[in-house]
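>>> here is my input, please return the structure:
(chains A and B)
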Amino acid sequence: MTEQPMSEPPVSEPQGSGARARFGTDRSPWNLLLLVPLLMLVTPLWNHDEPRLFGLPMFYWSQFLFVPLGVVCVGLVVRAANRRERAATERAAEGNEGKR
Amino acid sequence: MQWIEFGVFTALFLFVSVLGFLATHWRRAESMQHLDEWGLGGRKFGSWITWFLVGGDLYTAYTFVAVPALVFGAGAMGFFALPYTVVLYPLVLLPLLRMWSVSRVHGYVTPADYVRGRYGSPLLATLIAVTGIVATMPYIALQLAGLEAVLRTMGLNAGGLAGHAPLFIAFLVLALYTYQSGLRAPALIAFVKDLLIYVVILVAVFYLPSRLGGWGSIIDQSAATWSGSDSGGSILLGEHNQLQYATLALGSALALFLYPHSLTGILASSGRKVIRRNMVALPAYSFLLGMLALLGYAALAAGVEPIVNGATGEPDSNTIVPVLFDRMFSDWFAGLAYAAIGIGALVPAAIMSIAAANLWTRNIYKEHLRPGATPAQEAKQAKLASLVVKFGAVLSIVFIDPQFSIDMQLIGGVIVLQTLPAVAIALYTRWLHRWALVAGWTVGMVWGLWQLYLIPKDPATGEGHFGGSAMPLSDFSLFGWQPLPDIRTQIYVGAVALLLNLLVAVVLTPLLRWFGAAEGSDATVEADYHATEAPSGPTETAEAETSGETASR
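Next up, the predicted model:
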């Protein structure tokens, strides 16, 4: 971020400064969960015929299992993010009332 | 000629066409003569509409026709589409939120708008725009191939010009209502499309295996058809294609949201929460995608033979799912399924042409040809461009005719992946120098296209070009130097091209700084990337628009 130029173009200043919501960052330890579904790219983990499930080789059913796994991981990250954003909004609202 | 199927198909096609024309009144804006309205539906789509719209973008004729066709021909390899749509959401969740926020604050409509603002480089922005437009064309062509497969199965399989007439008519209707209603048309039609698709798939994945003796027997029969011959596929990955499988899935996932049309669906949504919710809900489609892929095996077990294309005289593997439906279902239900496939091809084709038109208008027409264009002129220009792009798609289907039509999307992926450093990495850091990005883009693009050109259309004889998207590592060469001569492992061309692109960009960046090359101005600040709303209240789009315009001057 050190490469950011010193001079902001004039346009974004007048309308941007006050109105732009500053809600910190999207950073959170929860985000590490997003790495878990990437295990699916490690093919030797599940490139096998046996055991079968409903007649499907492991290759197929185990990859289907990654769908709910991915949903759970993304879902947890999203829940945590929504909470952070709600808390930040409330803080901002309180701050505004304090000023008035 | 299958009259009942054709009747059901035509009736549903006409129904959605009417819907498309009426869509212009849906959530009507004061004026459609504005790019935000025509091209982004007013930027106020909520969770449900976004789900249908983005779902309509991602799960297309690709899913219904091209993926099963690949499984039918190559087996396990075709299943890469499932990991692609699973790793997709965790990968893109955070970057998309940043993209949405910064676009909302500055009124960006396209990825090239963003690059223009971030790097202050018209050249880089133009490259990004051109890349997006070119990459979209083979992807639209894939939709055309899907639609054609259905028409052919219903008996519209004449040779020569007459053979293309039904496709042409369908596309003309699509072009007209897209012209009229903009993004509202595919958004509304996506509801119908998804309803049809869900009904068809649920019936297909439960009914077909029961007719064919269960999945176990289907898979075993498929394996049996392939055993003994080495031309066919395999129900598991072999020693040479595991890396290809993983790089295809990863490369496709990274490419998807670089395509202008998928970003259109995201930017049209009303908030960060809508995007988050969708990243959790969209995998519902992935499940269907995997189920559909397995239909490739069902077709093998049922002994389906692809229909011979009346125009080229070659068997068209895209027809295997339509033929399977024709054989297994009653005529009216097959007609319903065909309508689902056909409409499933038209929705994304509409969104893609709109997105490409936005790129043309914002980043080429307004940037270079007519800098002072009014919003009404912009909207008019975009409408015309959407027609031209569709024409380009028809051309790509003539020029690129790979063994599997899915390679059209994968070739598009190789192209669009080259914008990753300038668009996606830029969301996080501006360390890469803009000229280094231009150089990286050039190297990745030239090398990638050259490799694709070298891939023979007929692997047995080595003749033809643009035959696929995978190359053995042994073919990797830099100016004649082949570092890995004995490794037969296959890899996705796009992954290698992207690595070269990044390498060039990373190496050149410090050099350019050292020589003091100008950095260009950055119109964005860190807070923009977390903004939850546009700068101010009721007139938000208008104000965001002005800021975007000023930023892009």
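
>>> going by C-alpha atoms from here, please, whenever you check contacts or count neighbours.
Will do.

>>> which ones are touching residue 59?
In the absence of a named chain, chain A is used. Contact analysis of residue A:59 by C-alpha atoms under 8 Å, 6 or more residues apart in numbering or on different chains lists A:46-49, B:236.

>>> meant chain B actually
Counting by C-alpha under 8 Å, 6+ apart, residue B:59 has contacts B:285, B:289, B:344.

>>> now with 10 Å, please.
Neighbour list for residue B:59: B:85, B:194, B:285-286, B:288-289, B:344-345, B:348 [criterion: C-alpha atoms under 10 Å, 6 or more residues apart in numbering or on different chains].

>>> then residue B:259?
Taking C-alpha under 10 Å, 6+ apart as the test, what residue B:259 contacts is B:110-111, B:131-133, B:135-136, B:139, B:352, B:355-356, B:412-413, B:415-417, B:419.

>>> in CSV: the contacts of residue A:59, plus pLDDT.
Shown next, in CSV, are the contacts of residue A:59 (pLDDT from 0 to 100):
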residue, pLDDT
A:46, 85
A:47, 86
A:48, 85
A:49, 83
B:236, 84
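
>>> quick one: secondary structure of residue B:99?
Following DSSP: H, G, I helix; E, B strand; the rest coil, residue B:99 is assigned to helix.

>>> what mean pLDDT does stretch B:252-271 have?
For stretch B:252-271, the mean pLDDT works out to 86.

>>> quick check: phi and psi at the residue lying farthest from the centre of chain A.
Largest separation from the mean C-alpha position in chain A: residue A:55, at 35.8 Å (C-alpha atoms, centre = their mean). Backbone torsions for residue A:55, taken as degrees, to the nearest 10, come to phi 80, psi -10.

>>> distance check, it against chain B.
4 Å (C-alpha to the nearest C-alpha, to the nearest Å).

>>> identify the residue nearest the geometric centre of chain B.
residue B:139 (5.2 Å).

>>> quick one: secondary structure of it?
helix.

>>> and it, what does it touch?
B:61-62, B:145, B:259, B:348-349, B:352, B:393, B:396-397, B:405-413.

>>> out of the residues you listed, which are inside strands?
If you go by DSSP state E, those have nothing in strands.

>>> just the ones of the residues you listed in helices?
B:61, B:145, B:348-349, B:352, B:393, B:396-397, B:406-413 (DSSP state H).

>>> which one of those residues sits closest to residue B:319?
residue B:145 (9.6 Å; C-alpha to C-alpha).

>>> was I right to think that closest one contacts residue B:64?
No. Counting by C-alpha atoms under 10 Å, residue B:145 does not reach residue B:64; the two are 11.2 Å apart.

>>> what is in contact with the two at once?
What both residue B:145 and residue B:64 touch, as defined by C-alpha under 10 Å, 6+ apart, is the set B:318, B:345.

>>> spatially nearest residue to residue B:288, not counting backbone neighbours?
Spatial nearest neighbour of residue B:288, excluding adjacent residues (C-alpha to C-alpha, 6 or more residues apart in numbering or on different chains): residue B:201 at 7.2 Å.

>>> mind checking the end-to-end distance for stretch B:395-407?
16 Å (C-alpha to C-alpha, to the nearest Å).

>>> what's the first helix or strand after the helix or strand bottoming out on mean pLDDT in chain A?
Sorting the helices and strands of chain A by mean pLDDT, DSSP states H and E puts helix A:12-19 at the bottom, at a mean of 37. As assigned by DSSP states H and E, the chain's next helix or strand after helix A:12-19 is helix A:58-99.

>>> hey, where'd the helices end up in the stretch 301-450 of chain B?
B:320-328, B:331-359, B:375-399, B:406-417, B:420-423, B:434-454 (DSSP state H, counting those that start in this stretch).

>>> worst average pLDDT in those?
helix B:375-399 (a mean of 78).

>>> quick check: the residue farthest from the centre of chain A touching residue B:214?
Yes. At 7.1 Å, residue A:55 counts as touching residue B:214 under the criterion of C-alpha under 10 Å.

>>> hang on, the earlier thing: any chance of the contacts of residue A:59 in TSV, plus neighbour count and distance to residue B:126?
Shown next, in TSV, are those (neighbours: other C-alpha atoms under 10 Å in any protein chain shown; distance: C-alpha to C-alpha, whole Å):
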residue	neighbour count	distance to residue B:126
A:46	18	43
A:47	20	43
A:48	17	47
A:49	13	49
B:236	21	43
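
>>> and which of those residues is nearest residue B:19?
Of these, the one sitting nearest to residue B:19 (C-alpha to C-alpha) turns out to be residue B:236, at 43.9 Å.

>>> I'd guessed that closest one sits against residue A:56; true?
No. With contact defined as C-alpha under 10 Å, residue B:236 does not count as touching residue A:56 (11.5 Å).

>>> now for residue A:79, how many residues are close by?
Residue A:79: 14 surrounding residues under other C-alpha atoms under 10 Å in any protein chain shown.

>>> give the contact list for it.
So residue A:79 contacts A:30, A:85, B:276-277 (C-alpha under 10 Å, 6+ apart).

>>> pLDDT weak spots in the chain?
With no chain named, the answer covers chain A. A:1-25, A:97-100 (pLDDT under 70).

>>> not quite, I wanted chain B
Those would be B:27-44, B:158-164, B:228-232, B:310-312, B:397-403, B:458-460, B:462, B:478-481, B:483-485, B:534-553, if you go by pLDDT under 70 across chain B.

>>> tell me the residue of it that sits nearest chain A?
Here chain B gets closest to chain A at one residue, residue B:216, 3.5 Å apart by C-alpha to the nearest C-alpha.

>>> from residue A:67, how far off is that residue?
21 Å.

>>> among these two, which residue is more densely surrounded?
More neighbours surround residue A:67 than the other of residue B:216 and residue A:67, with 23 against 17 (other C-alpha under 10 Å).

>>> in this structure residue B:300 contacts residue B:317, no?
No. Taking contacts as C-alpha under 10 Å, residue B:300 lies outside contact range of residue B:317: 11.5 Å.

>>> picking up where we left off before, ok, and the closest non-adjacent residue to the residue farthest from the centre of chain A?
Nearest one to residue A:55, counting by C-alpha to C-alpha, 6+ apart, is residue B:216 at 3.5 Å.

>>> grab the nearest non-local neighbour of residue B:365.
Residue B:365 sits nearest to residue B:371 (C-alpha to C-alpha, 6+ apart), 7.6 Å away.

>>> returning to that earlier point: pull out the buried members of the contacts of residue B:259.
B:110-111, B:131-133, B:135-136, B:139, B:352, B:355-356, B:412-413, B:415-417, B:419 (16 or more other C-alpha atoms under 10 Å in any protein chain shown).

>>> need the three-state assignment for residue B:109.
coil.

>>> residue B:359 is in contact with that one, correct?
Yes. Contact criterion C-alpha under 10 Å: residue B:109 and residue B:359 qualify, at 8.2 Å.

>>> need the overlap of contacts for the two.
Common neighbours of residue B:109 and residue B:359 (C-alpha under 10 Å, 6+ apart) are residue B:260.

>>> pull the number of nearby residues for residue B:371.
Count around residue B:371 with other C-alpha under 10 Å applied: 14.

>>> which helices and strands does the helix or strand harbouring residue B:190 pack with?
Residue B:190 belongs to helix B:184-212 when assigned by DSSP H and E. Under the contact definition 3 or more C-alpha pairs under 10 Å, 6 or more residues apart in numbering or on different chains; DSSP states H and E, helix B:184-212 sits against helix B:3-22, helix B:35-40, helix B:47-58, helix B:160-181, helix B:214-226, helix B:283-301, helix B:320-328, helix B:331-359.

>>> return the most buried member of these.
Of all the helices and strands packed on helix B:184-212, helix B:331-359 carries the top mean neighbour count, a mean of 28, counting by mean count of other C-alpha atoms under 10 Å in any protein chain shown.

>>> and it, how far out from the chain middle?
12 Å (C-alpha atoms, centre = their mean, to the nearest Å).
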